[in-house]
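Participant: The sequence isn't on hand, but the structure is:
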C-alpha cells in the first residue's frame with residue numbers, strides 16, 4: 001500500500017479529519033445517486049419488516065439523503081431523521097428531503113433521541129471505531145428498536161471474493177479483510193460471524209440476514225463501471241499464480257466483450273444527441289444502431305438474472321453484500 005494512502009486511512013480515525021475527508025468528497029457527486037433497482041429493493045424490504053404505521057426512524061450515515069427518501073416513501077407517517085458527520089452531505093440531504101430532520105453526528109442533542117427504527121446503508125465499513133459506533137447505536141435505541149444494516153460482506157464464495165483470490169494481495173488484511181479494489185474510505189469488510197458477534201455483544205438479536213451480489217449482480221455491477229474498470233479488476237499481470245492468470249485471462253475476455261458491446265450504445269447516443277450532425281455522424285448511427293440490440297438484450301438478461309438471484313439466493317451467505325436486521329432485546 002502506498003504511504004499516502006495509509007496516512008489517509010489513519011487520518012480517518014480522527015472525526016475532524018474524517019469530516020473534512022467526506023466534506024471534500026461530497027462537494028462533488030460522491031454517492032449522489034444509487035441504481036433504481038437498489039432503491040426499489042430497499043423499499044420492498046422495508047415494507048416486509050412489519051413495522052407499525054407510525055414511529056421515529058433514523059438514517060444513520062445518511063450522506064446526501066438518497067435512502068432517507070426511500071425510508072420516508074416506505075413509512076410516510078413516520079418522523080424520519082438523518083445524521084452524518086459531513087455538513088456538506090447534510091445540506092444536500094435537506095434539499096432532497098424537506099419533510100425530514102437532519103443532525104450532524106456530533107450534535108449534542110442527538111444522544112437524547114431514541115428511535116424505533118435505525119437504518120444504515122454502506123456505513124459500517126467507513127466508521128473509525130466499530131465498537132464505539134455500536135455503543136452509540138445502542139444509546140439511540142430503546143427496548144424493541146429494530147435496526148437494518150446494509151454493508152459489504154467479507155464471506156468467502158462470492159464472485160468478487162473469488163476474483164480477489166486470483167490476485168496477489170487481492171484479499172488485504174490491512175485494512176481489515178478488504179478487497180484490493182475497495183475505496184480508500186473502507187476501513188473493514190465484516191463477515192457474517194462478526195456481525196452476529198457485534199449484535200450479541202450489544203444486546204441485539206438477529207431477526208433477518210440476507211445476502212446479495214453473489215454472481216450475476218456482481219458481473220452487472222462491474223460492467224456498469226465501464227471497460228477500464230473491467231480491465232483493472234481482471235489484470236492478469238497481478239495474478240497469484242499461473243492457474244490464476246489463465247482464469248483472469250478468460251474472465252477478462254468475457255467481461256470485456258460485454259463491456260465493449262455496451263460502448264456501442266454510448267457511441268450512438270452521443271452522435272444522436274449532437275445538435276448539428278455531420279455525414280460521418282449519420283454514417284456511424286446507421287452502421288452501429290442495429291448492433292445496439294445486442295447490448296440491450298444482454299443488459300436485460302443480466303438484470304433479470306440479478307433480480308432472480310436476489311430472490312432465489314438471498315439467504316445464501318456467499319454474497320459480497322449483506323443485509324442484517326436486528327432487534328434490541330426488550331428485557
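Facilitator: Cool, the structure landed. Remember, predicted model here, so these are calculated numbers, not experimental data. Numbering: from 1, shown residues only.
Participant: ranges for the helices of the chain?
Facilitator: 3-11, 15-26, 36-48, 66-74, 87-96, 130-139, 159-165, 192-201, 216-224, 227-233, 242-272, 279-288, 293-313 (DSSP state H).
Participant: Please work out which of these is packed deepest.
Facilitator: Among the helices of the chain, ranked by average contacts under mean count of other Cβ atoms under 10 Å, first place goes to helix 66-74 (a mean of 22). (Each C-beta comes from the backbone N, C-alpha and C, glycine too.)
Participant: hmm, back to that, dump the helices of the chain into TSV; add distance to residue 178 and mean pLDDT as well.
Facilitator: Shown next, in TSV, are the helices of the chain (distance: least, Cβ to Cβ, whole Å; pLDDT from 0 to 100):
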stretch	distance to residue 178	mean pLDDT
helix 3-11	10	38
helix 15-26	17	78
helix 36-48	21	95
helix 66-74	23	97
helix 87-96	23	94
helix 130-139	14	95
helix 159-165	9	96
helix 192-201	13	96
helix 216-224	16	94
helix 227-233	15	95
helix 242-272	19	91
helix 279-288	39	86
helix 293-313	23	92
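Participant: Among the ones you listed, which comes closest to residue 121?
Facilitator: Taking Cβ to Cβ, helix 66-74 is the member of the helices of the chain nearest to residue 121, at 4.9 Å.
Participant: Residue 111 is nearest to which of the helices of the chain?
Facilitator: Taking Cβ to Cβ, helix 130-139 is the member of the helices of the chain nearest to residue 111, at 6.1 Å.
Participant: so who does residue 245 touch?
Facilitator: 236, 239 (Cβ atoms under 8 Å, 6 or more residues apart in numbering).
Participant: number of nearby residues for the residue nearest to residue 81 when sequence neighbours are not counted?
Facilitator: Computed as Cβ to Cβ, 6 or more residues apart in numbering, the closest residue to residue 81 that is not its neighbour in sequence is residue 101, at 4.6 Å. As a burial measure, the neighbour count of residue 101 was computed by other Cβ atoms under 10 Å and equals 15.
Participant: which one of the helices of the chain lies closest to residue 186?
Facilitator: Taking Cβ to Cβ, helix 3-11 is the member of those nearest to residue 186, at 9.1 Å.
Participant: so what's the residue nearest to the spatial centre of the chain closest to, chain neighbours aside?
Facilitator: With distances taken as Cα atoms, centre = their mean, the chain has residue 122 as the residue nearest its mean C-alpha position (5.1 Å). Of all residues not flanking residue 122 in the chain, residue 151 sits nearest, at 5.7 Å (Cβ to Cβ, 6+ apart).
Participant: ok, now residue 319?
Facilitator: Nearest non-adjacent residue to residue 319, counting by Cβ to Cβ, 6+ apart: residue 211, 3.2 Å away.
Participant: what's near enough to touch the one you found?
Facilitator: If a contact means Cβ under 8 Å, 6+ apart, then residue 211 has 153, 155, 313-319, 321-323 as its contacts.
Participant: Looking at these, which one is closest to residue 92?
Facilitator: Nearest to residue 92 among the contacts of residue 211 is residue 321, at 24.0 Å by Cβ to Cβ.
Participant: who's in contact with the closest one?
Facilitator: Residues near residue 321 by Cβ under 8 Å, 6+ apart: 150-153, 211-213.
Participant: any idea how far residue 321 is from residue 38?
Facilitator: Distance, residue 38 to residue 321, by Cβ to Cβ, to the nearest Å: 10 Å.
Participant: before we move on, what about residue 177?
Facilitator: With the distance defined as Cβ to Cβ, residue 177 ends up 14 Å from residue 321.
Participant: what's the neighbour count on the closest residue to residue 138 other than its chain neighbours?
Facilitator: Distances taken as Cβ to Cβ, 6+ apart put residue 202 closest to residue 138, at 4.9 Å, once the chain neighbours are dropped. The burial count assigned to residue 202 is 17, neighbours taken as other Cβ under 10 Å.
Participant: How about the one 5 residues further on?
Facilitator: Burial measure for residue 207: 14 neighbouring residues, criterion other Cβ under 10 Å.
Participant: nearest spatial neighbour of it, skipping sequence neighbours?
Facilitator: By the measure of Cβ to Cβ, 6+ apart, the closest residue to residue 207 outside its immediate chain neighbours is residue 325, 4.5 Å from it.
Participant: Residue 169 too?
Facilitator: In space, and not counting its chain neighbours, residue 169 is closest to residue 180: 6.2 Å by Cβ to Cβ, 6+ apart.
Participant: wait, that neighbour sits on residue 165?
Facilitator: No. Residue 180 lies out of contact with residue 165 (Cβ atoms under 8 Å); the separation is 10.5 Å.
Participant: how close does residue 73 get to residue 66?
Facilitator: As it turns out, when the distance is counted by Cβ to Cβ, residue 73 lies 11 Å from residue 66.
Participant: what's the pLDDT at the residue nearest to residue 319?
Facilitator: Looking at residue 211, its pLDDT reads 98.
Participant: could you measure it against residue 192, distance?
Facilitator: 8 Å.
Participant: same thing with residue 157?
Facilitator: 11 Å.
Participant: pretty sure residue 26 is in contact with residue 88, am I right?
Facilitator: Yes. Under the criterion of Cβ under 8 Å, residue 26 makes contact with residue 88 at 4.2 Å.
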